[in-house]
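In: sequence first, predicted coordinates after that:
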Amino acid sequence: MVAAIPADKAAPKAAAAPKPGVASRALVRRSATRSLARGISVLPLLTPTFGFNLVSSNRPGSDIIPGFKGDIFDRTAGAPYKKQIRQYAVSSYTTQVVVARMTPKYVALPLDANDVKLAVEFAAQKNLKVVTRSGGHQYCGLSSGGSDTLLLDMKLINKVLFSPGNGTPIQVTVGPGVALKDLSKKLLAKSVVIPHGECPLVRLGGHVQTGGIGHQLRSLGATLDWVSSFKMVSRDPQSPNNGHYAEHVFTRPQANGNTLQDDVFRAVLGGGPSSWGVLTEITFDLVSDKQFPDSAGYSRTYPYEKSGFSAAMEQLRRWVERQSNGRLPQEIDLFLSVVSSDLVHFRPTGVLLVETMSRETTGVNEIEKVVIAVESALSCINFGAAGLINKFSTIHGPADLSLISDKGVRTIGAFGLPASGREFDLPYKKSLHITKVPPTLLFCQQFVDLVDDAYNHPGLKVVVQIVVGGGEFSANGPKKTTHMQRRDALVQLVFDVFYEEDENDQFKRDAERFQVRMKSLLNEYSGGADLRMVWGTFEDKDSNGTQLDMTRQEVQDFYYDSPAEYTELKRIKNAIDPSDLFHTSFTVQ
């Protein structure tokens with residue numbers, strides 16, 4: 001169904017509600033107003049907030065699945081159902097796509113693994129597909145499903161348990177519904193760390209299955225590299241043809257492990273999110289601050305200036321060139337961001353974030369050079385703002401790994417992100433591209449121009465995130481304990497353009513043009529290759545859902561390292577889920 005939906009075309013005029021009171025250049029921020037303006041009648045008067053905990057009272061829908069303890073919603077529930085299906089992607093798609101891709105038959109909120117088992121068995125009996133959602137950050141709305149789907153929202157399975165109980169813990173077990181901002185604080189309190197991303201309301205179930213890419217990618221790897229074991233409701237990997245579903249334990253295999261249980265462990269971690277079963281628990285090994293007592297970092301937030309961003313890009317280009325030649329120290333990280341201004345949230349100007357770290361003393365000089373180069377190019381520094389910037393810097397020199405990691409998670413509030421956890425409560429056009437070859441100097445110059453033009457364009461907001469690859473992230477690939485793709489990525493680059501809504505959709509078209517311009521830079525960026533990662537899915541203009549259809553070879557080529565790799569994952573899918581119960585257009589087919 002998704003492949004047939006024109007995701008980038010306007011909804012039919014007959015289906016669109018009028019847009020009273022929306023000035024052509026007025027900023028529409030609150031989702032209730034925006035939904036009415038865009039004609040999304042299925043989602044009226046909603047504010048996109050994913051951090052709430054629903055407290056069961058009369059357990060809506062408890063008669064639908066016998067024995068299910070959590071709440072269950074269908075369309076007859078009205079407003080509560082509409083609140084449950086709200087997710088990150090809704091605002092960026094037409095009503096037609098939202099109805100087809102993001103309005104499941106049932107939304108169930110399990111309280112424990114037995115609830116999950118009952119729901120999965122119910123779906124199998126009723127010939128429904130099962131889709132799992134933890135934080136709702138699938139950028140194309142694929143963590144939801146249409147009228148043939150039972151959506152399992154895992155936010156209420158959110159325990160955090162450290163082991164052992166005394167002293168420095170060596171492992172932590174979490175539920176898939178744990179928000180990153182909460183886990184990060186608990187890790188900091190214990191002086192331990194796992195690498196992870198930056199979005200505060202992303203939840204661990206989806207985060208770990210898509211990689212967990214963040215500020216410590218080179219020095220520690222990705223989130224999934226630290227998984228020791230997990231529990232998942234699926235068929236029995238020892239007897240997959242018995243047709244019964246239960247919670248099974250999967251442990252990290254040895255490099256040469258070749259049982260189906262080993263295969264499933266690898267496939268769940270990076271092979272294709274939601275393709276294999278429903279994660280109910282994840283156990284991570286931990287890194288203690290004591291293991292790297294000489295760690296250090298710099299986290300600098302500067303007023304955005306093109307000159308500063310240009311200097312930062314030049315430093316990144318040099319790092320990538322050295323990484324491609326095997327000369328970049330493994331223990332250092334560089335993460336660059338540009339975020340437009342948002343006066344509603346008290347940012348008087350856009351910001352350039354330069355975040356660097358080193359887990360050991362040997363890399364400190366390397367990360368200092370980046371900061372010095374950027375600051376030498378900024379006029380605000382030259383006018384005496386250096387002391388003020390240093391004062392408000394969260395990381396400035398020696399710091400524990402757990403503190404560096406925690407400060408990489410964005411805050412929510414007046415000086416941070418909106419309550420939704422998004423940079424802006426606006427629709428967007430997204431792209432995420434990787435490269436396996438060093439970007440050229442010309443690309444860096446052209447990309448700086450592109451970002452600056454988008455930054456200064458009326459009606460648009462830009463978000464850029466760039467991380468250097470290699471290090472532990474690449475080194476963990478040959479261990480063959482996960483199916484994480486694109487381990488040889490030198491750069492992962494996000495270019496998102498948010499747009500205000502206006503009467504004639506002019507700002508939307510402007511955002512689309514900037515993404516077309518981004519695609520025109522791929523020759524200088526990646527040698528012309530269009531390579532993507534599953535954690536940042538997006539659709540090109542007028543692709544009409546085809547770029548989410550994993551039966552298509554060109555879509556597999558976007559996200560998987562080779563046809564042989566995808567064929568292996570199909571073999572595992574056929575063994576563990578032969579009835580294709582866990583399915584969207586984007587899962588392993």
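Out: Now that the structure is in, tell me what you want to look at.

In: can you pull out the low-pLDDT segments for the stretch 1-150 of the chain?
Out: 1-62 (pLDDT under 70).

In: which residues in it form strands?
Out: When assigned using DSSP state E, counting those that start in this stretch, the strands of the stretch 1-150 of the chain occupy the ranges 71-73, 106-109, 129-133, 149-153.

In: do the stretch 301-450 of the chain as well
Out: 332-339, 351-358, 395-398, 428-429, 432-435.

In: got the strands of the stretch 1-150 of the chain as a markdown table, with mean neighbour count columns?
Out: For glycine as for every other residue, the C-beta is placed from the backbone atoms N, C-alpha and C. Shown next, in a markdown table, are the strands of the stretch 1-150 of the chain (neighbours: other CB atoms under 10 Å):
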| stretch | mean neighbour count |
| --- | --- |
| strand 71-73 | 24 |
| strand 106-109 | 26 |
| strand 129-133 | 25 |
| strand 149-153 | 27 |
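
In: closest one to Glu500 among the strands of the stretch 301-450 of the chain?
Out: strand 428-429 (11.1 Å; CB to CB).

In: and the closest one, what does it pack onto?
Out: strand 491-499, helix 506-519 (3 or more CB pairs under 8 Å, 6 or more residues apart in numbering; DSSP states H and E).

In: let me know which of the ones you listed is tucked in deepest.
Out: Mean neighbours per residue, mean count of other CB atoms under 10 Å, is largest over the helices and strands packed on strand 428-429 for strand 491-499, with a mean of 24.

In: and Tyr499, how far is that from Val516?
Out: Using CB to CB, to the nearest Å, one gets 14 Å for the distance from Tyr499 to Val516.

In: can you check Gln216 too?
Out: Gln216 is 34 Å from Val516, by CB to CB.

In: and Lys181, by the same measure?
Out: 35 Å.

In: now Leu531
Out: From Leu531 to Val516 the distance is 18 Å (CB to CB).

In: give me the helix or strand of the chain that scores worst on average pLDDT.
Out: Ranked by mean pLDDT, DSSP states H and E, the weakest helix or strand in the chain is helix 31-38, scoring a mean of 37.

In: what about stretch 105-114, how long is it end to end?
Out: This stretch, stretch 105-114, spans 21 Å end to end (CA to CA, to the nearest Å).

In: typo on my end, stretch 150-161
Out: From start residue to end residue, stretch 150-161 stretches across 29 Å - CA to CA.

In: how about stretch 534-544?
Out: 18 Å.

In: in that stretch, what's buried?
Out: Judged by neighbour count using 16 or more other CB atoms under 10 Å, the buried positions of stretch 534-544 are Val534, Trp535, Gly536, Thr537, Phe538, Glu539, Asp540, Lys541, Asn544.

In: so who does the fourth one touch?
Out: The reference is to Thr537. Contact partners of Thr537, counting by CB atoms under 8 Å, 6 or more residues apart in numbering, are Gln138, Tyr139, Cys140, Leu142, Leu432, Leu548, Phe586.

In: again, only using 6 Å
Out: Tyr139, Cys140 (CB atoms under 6 Å, 6 or more residues apart in numbering).

In: repeat that for the first one.
Out: Under the criterion of CB under 6 Å, 6+ apart, the contact partners of Val534 comprise Thr210, Tyr559.

In: wait, Asp561 touches Arg487, no?
Out: No. The pair Asp561 / Arg487 is not scored as a contact, 8.1 Å apart, by CB atoms under 6 Å.

In: compare these two (neighbour count), which wins?
Out: Using other CB atoms under 10 Å as the criterion, Asp561 and Arg487 rank with Arg487 on top: 19 against 16.

In: find the nearest non-adjacent residue to that one, please.
Out: Counting by CB to CB, 6 or more residues apart in numbering, Arg487 lies nearest to Gly477, which is 3.5 Å off, once chain neighbours are set aside.

In: just to check, Asp333 is in contact with Arg218?
Out: Yes. Assessed by CB under 6 Å, Asp333 is found in contact with Arg218 at 4.8 Å.

In: can you list the low-confidence ranges for the chain?
Out: 1-62, 165-166, 343-348, 382-392, 414-415.

In: pop the domain breakdown of it in here.
Out: For the chain, automatic domain parsing gives the domain ranges 2-153, 160-290.

In: number of residues surrounding Gln589?
Out: Around Gln589 there are 19 residues (other CB under 10 Å).

In: you'd agree it is up against Arg552?
Out: No. Contact criterion CB under 6 Å: Gln589 and Arg552 do not qualify, at 9.7 Å.

In: just to revisit the earlier point, and Ala89, which of the helices and strands packed on strand 428-429 is closest to it?
Out: Judging the helices and strands packed on strand 428-429 by CB to CB, what sits closest to Ala89 is strand 491-499, at 12.5 Å.

In: and that closest one, what does it pack onto?
Out: Helices and strands touching strand 491-499, by 3 or more CB pairs under 6 Å, 6 or more residues apart in numbering; DSSP states H and E, are strand 428-429, strand 432-435, strand 460-468, helix 506-519.

In: parallel or antiparallel, list what pairs with that strand.
Out: strand 428-429 (antiparallel), strand 432-435 (antiparallel), strand 460-468 (antiparallel) (DSSP bridges).

In: quick one: distance of that strand to the chain centre.
Out: Computed by CA atoms, centre = their mean, to the nearest Å, the chain-centroid distance of strand 491-499 equals 12 Å.

In: which residues outside it are in contact with it?
Out: 320, 424, 426, 428-435, 454, 460-467, 507-508, 511, 514, 518.

In: what angle do it and helix 506-519 make?
Out: Strand 491-499 runs at 160 degrees relative to helix 506-519, counting by axes from the mean of the first three to the mean of the last three CA atoms, to 10 degrees.

In: between strand 332-339 and strand 491-499, find me the angle.
Out: Angle of strand 491-499 versus strand 332-339, following the same axes, to 10 degrees, is 10 degrees.

In: Ala377: what's its closest spatial neighbour, skipping adjacent residues?
Out: Ala311 (3.7 Å).

In: which residues touch the helix or strand hosting Glu568?
Out: Secondary structure assigned from DSSP states H and E places Glu568 in helix 563-576. Residues outside helix 563-576 that contact it (CB under 6 Å, 6+ apart) are Ser234, Arg235, Pro240, Leu260, Asp263, Val264, Ala267, Gly271, Trp276, Gln556, Tyr560, Val588.
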